[in-house]
Structures are given as structure tokens and as C-alpha cells.
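1. Model the structure of this input:
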Amino acid sequence: MKCIILAAGYATRLYPLTENFPKPLLTVGGKTILDWLVDDLEETGEVDGYVVVTNRKFAQHFTDWAGTKKADISVVDDGTLTNETRLGAVKDILLAINEKKLDDDLLVLAGDNVLSFSLSHFVDYCKQKNASCVMRYFEPDEARLQRAGVAEIADDDRVLRLEEKPEKPKSHWCTPPFYFYKREDVGFVAKAIDDGCGTDAPGSFISYLCRHTAVYSMEMPGRRFDIGTLEGYKKIDAEYKGITE
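-> The predicted model follows:
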């Protein structure tokens with residue numbers, strides 16, 4: 001299994017902290033966000049290579065970080081320099097697939113998420129389902145649902161539909177940016193873009209994929225901490241206890 005880490009955003013809401021420094025390399029609880037994610041995945045023994053997709057502005061930061069790790073990590077520069085010219089997550093995923101000639105099961109995740117639980121739970125779930133998979137959590141706040149990917153889920157965990165930023169959410173199941181694509185489904189990424197799939201949010205591809213093949217959703221076994229503001233970052237940095245579940 002290979003892992004694509006999406007890290008091409010500009011985190012403008014965290015300026016000036018992230019004006020010249022990438023959000024995924026901010027320190028939380030004594031380690032960078034990416035260190036928490038990669039170190040956790042390394043313990044599963046299931047990932048044999050990582051691709052960090054970033055922008056030209058931050059590429060060197062990630063290359064320097066990758067040089068400190070024992071894991072096989074490569075950095076792909078998507079060539080953008082501003083938030084306004086970014087490619088979007090789905091096109092960044094395709095760029096990583098094409099540039100690194102990835103022909104394997106893929107774990108795809110946003111590089112700016114802090115979790116209370118190990119991703120080993122998700123890896124095990126994906127192996128059990130032997131299908132493309134996502135995660136989900138219950139969100140009671142409709143305003144938050146309108147800014148997220150919202151999924152309708154069958155009794156057997158199958159994703160029936162997923163809508164990004166719905167005006168009228170049809171469920172309370174939020175889908176955070178953690179995905180598993182079976183090897184045979186990876187080819188759908190290029191087809192989805194050709195068919196007019198949205199490319200900004202990574203969940204747009206899952207919305208497309210679940211209409212063409214089985215996609216399952218695991219309920220998150222713990223918390224995901226969203227670092228969206230300077231105040232939020234300081235609070236999470238002070239309170240985060242690491243991976244405890």
C-alpha cells in the first residue's frame with residue numbers, strides 16, 4: 001500500500017503563522033502533524049511508500065522534513081504559488097499517481113489533521129472490507145455540515161451518496177479527508193476528472209466513485225482536531241495528548 005499525503009494548501013486562515021510555513025509541519029504536542037500521521041502508519045507495517053503532494057512555495061520545507069525520516073517519502077511539487085492558483089485536491093491526487101506511477105492500493109489523507117486514534121483501525125477496516133473506504137463521524141451542527149462532505153450510509157456501511165458542502169444536508173454523517181482506494185479503483189480518478197467531477201475538495205472524488213463501485217464508511221473511533229484558526233491551534237497544541245485510542 002502507498003500513501004498520498006495532501007499538503008498543497010496555503011492555510012490562509014492561519015496567517016501570519018503559515019504565510020511562509022506549511023500547516024502540516026506545525027508542531028502539536030511536541031511533534032509535527034505529519035510526524036504524528038507517518039509515525040502512526042509506520043507502526044502498521046502496511047505502508048511501503050509515501051508521496052507528499054505540495055505546492056512550489058512549500059516544497060523545500062517538505063523535502064527537508066522527508067530527509068529526517070526513515071520511511072520512503074517523496075515530494076511532488078504541483079507547481080502552484082498562490083491559493084488562487086492551486087490545482088485542487090483531486091488533481092493533486094492524480095498528479096501524484098501519474099508522476100510516481102502508483103499502481104497499488106492507495107491510502108489518501110490530508111496532511112493537516114490531528115487525531116486521537118491510530119489509523120491502524122482504518123487500515124484494518126479497509127482490509128476487512130476489501131473495497132474502497134472512507135471514515136465518518138456524527139456532526140449535529142447543520143452549519144458545520146454545510147461546510148463538509150456529508151454522506152448517506154446504508155446499514156452495511158456502504159456509502160450511498162456523498163455531497164460536498166450541501167445547502168440542505170441529508171444526514172449528519174461527515175466524511176473527513178481520509179480515504180482508501182483499492183488498486184482497481186485508482187483508474188477512476190482520471191476518469192472522474194474527465195467526466196466533470198469537482199476537483200477542489202477530495203471528497204468530490206468519493207461522491208463520483210460511490211456511484212460506480214462499492215465504497216464503505218467506518219465510523220471514527222476517536223476525535224479529529226481541526227486546526228482552523230490561530231486560537232484553535234494554540235488550544236490544540238496545549239491540550240493534545242497524542243494517539244490514545
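
2. Can you show me the helices along this protein?
-> Assigned by DSSP state H, the chain shows helices spanning 33-44, 59-66, 89-99, 120-129, 142-145, 188-194, 203-209, 230-239.

3. pLDDT of the third one, averaged?
-> In this model, helix 89-99 has a mean pLDDT of 97.

4. again with the fourth one
-> Throughout helix 120-129, pLDDT has a mean value of 97.

5. follow-up on the earlier one: out of the helices of the chain, deepest packed?
-> helix 203-209 (a mean of 24; mean count of other Cβ atoms under 10 Å). From N, CA and C alone the C-beta is placed, and that goes for glycine too.

6. Reformat the helices of the chain as CSV; add distance to residue 18.
-> Formatted as CSV, those follow (distance: least, Cβ to Cβ, whole Å):
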stretch, distance to residue 18
helix 33-44, 12
helix 59-66, 11
helix 89-99, 17
helix 120-129, 27
helix 142-145, 22
helix 188-194, 28
helix 203-209, 23
helix 230-239, 9
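
7. Name the nearest residue to residue 42, ignoring sequence neighbours.
-> Excluding the flanking residues, the one nearest residue 42 by Cβ to Cβ, 6 or more residues apart in numbering is residue 71, at 5.7 Å.

8. ok, now how distant is the one you found from residue 45?
-> Applying Cβ to Cβ, to the nearest Å, the value for residue 71 to residue 45 is 11 Å.

9. Residue 25 now?
-> Note on residue 25: its distance to residue 45, by Cβ to Cβ, is 25 Å.

10. just residue 166 next, same as before
-> As for residue 166, its distance to residue 45 is 38 Å (criterion: Cβ to Cβ).

11. These two: who's more crowded?
-> Per other Cβ atoms under 10 Å, whichever of residue 166 and residue 45 has more neighbours is residue 166, with 17 against 9.

12. Ignoring the adjacent residues along the chain, who's closest to the more buried one?
-> Nearest to residue 166 is residue 150, by Cβ to Cβ, 6+ apart, at 5.3 Å.

13. What number of residues are in the vicinity of that neighbour?
-> Neighbour number of residue 150 under other Cβ under 10 Å is 25.

14. Give me the neighbour count for residue 131.
-> Neighbours of residue 131 (other Cβ under 10 Å): 17.

15. quick one: it from residue 1, how far?
-> Distance from residue 131 to residue 1, by Cβ to Cβ: 14 Å.

16. in the chain, which spans are strands?
-> For the chain, applying DSSP state E gives strands covering 2-7, 27-28, 31-32, 50-54, 73-77, 106-110, 114-115, 132-138, 149-153, 159-164, 173-174, 178-181, 215-219, 224-225.

17. who does the last one pair up with?
-> Spelled out, it's strand 224-225. Strand pairing for strand 224-225, using DSSP bridges, gives strand 114-115 (antiparallel).

18. Likewise for the second one?
-> Taking DSSP bridges as the criterion, strand 27-28 sits next to strand 31-32 (antiparallel) in its sheet.

19. neighbouring contacts of the partner strand?
-> Strand 31-32 has contacts (Cβ atoms under 8 Å, 6 or more residues apart in numbering) with 24-26, 39, 65.

20. which two in these are spaced the farthest apart?
-> Pairwise distances across those (Cβ to Cβ) peak at 15.7 Å, for the pair 26 and 39.

21. and residue 165, how many neighbours does it have?
-> 16.

22. Who are the contact partners of it?
-> Counting by Cβ under 8 Å, 6+ apart, residue 165 makes contact with 146-149, 201.

23. quick one on the thing from earlier: ok now do the residue nearest to residue 42, which residues does it touch?
-> 38, 42, 47, 50.

24. What's the separation between the first one and residue 122?
-> Right, the one you point to is residue 38. According to Cβ to Cβ, residue 38 stands 15 Å off from residue 122.

25. Over to the third one?
-> When distance is defined by Cβ to Cβ, residue 47 is 12 Å away from residue 122.
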